[in-house]
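Chemist: the sequence isn't on hand, but the structure is:
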């Protein structure tokens with residue numbers, strides 16, 4: 001974790017530098033069976049950088065406005081009640097409340 005900024009400088013939970021970039025060292029394969037430390041950087045997501053964009057690994061997940069957000073999946077299927085079940089559950093709760 002980077003050191004805290006000196007007094008009087010901008011306080012940022014992301015520890016960005018004055019140029020708004022977050023920098024750190026991260027191990028990566030060196031191609032010879034070992035590892036090396038690479039300097040990584042990312043614009044501060046708190047808005048201190050001039051611009052912010054998704055990291056290269058996540059650019060394919062960016063959705064254009066107006067496009068379908070996602071295709072329906074298993075979660076959608078299990079959250080759909082069969083026809084008439086919602087009314088039946090509501091009726092059961094009403095009857096239980098009257099009997100209390």
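Modeler: Sure thing, it's come through. Note that the structure is predicted; figures quoted are calculated from it, not measured.
Chemist: so what does the helix or strand of the chain with the lowest mean pLDDT touch, helix or strand wise?
Modeler: Sorting the helices and strands of the chain by mean pLDDT, DSSP states H and E puts helix 74-78 at the bottom, at a mean of 77. Helix 74-78 sits against no helix or strand, with contacts defined as 3 or more Cβ pairs under 8 Å, 6 or more residues apart in numbering; DSSP states H and E. C-beta here means a position set from N, CA and C on the backbone, and glycine is covered the same way.
Chemist: buried stuff in it?
Modeler: Buried residues in helix 74-78, counting neighbours by 16 or more other Cβ atoms under 10 Å, are absent.
Chemist: any idea how far that helix is from the chain center?
Modeler: 22 Å (Cα atoms, centre = their mean, to the nearest Å).
Chemist: all strands of this protein, in order?
Modeler: Remark: strands assigned in the chain by DSSP state E are 21-29, 35-43.
Chemist: could you dump the ones you listed to TSV with distance to residue 15 and mean pLDDT?
Modeler: Formatted as TSV, these follow (distance: least, Cβ to Cβ, whole Å; pLDDT from 0 to 100):
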stretch	distance to residue 15	mean pLDDT
strand 21-29	7	90
strand 35-43	11	89
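Chemist: who are the neighbours in contact with residue 35?
Modeler: Applying Cβ atoms under 8 Å, 6 or more residues apart in numbering to residue 35 gives the contacts 27-29.
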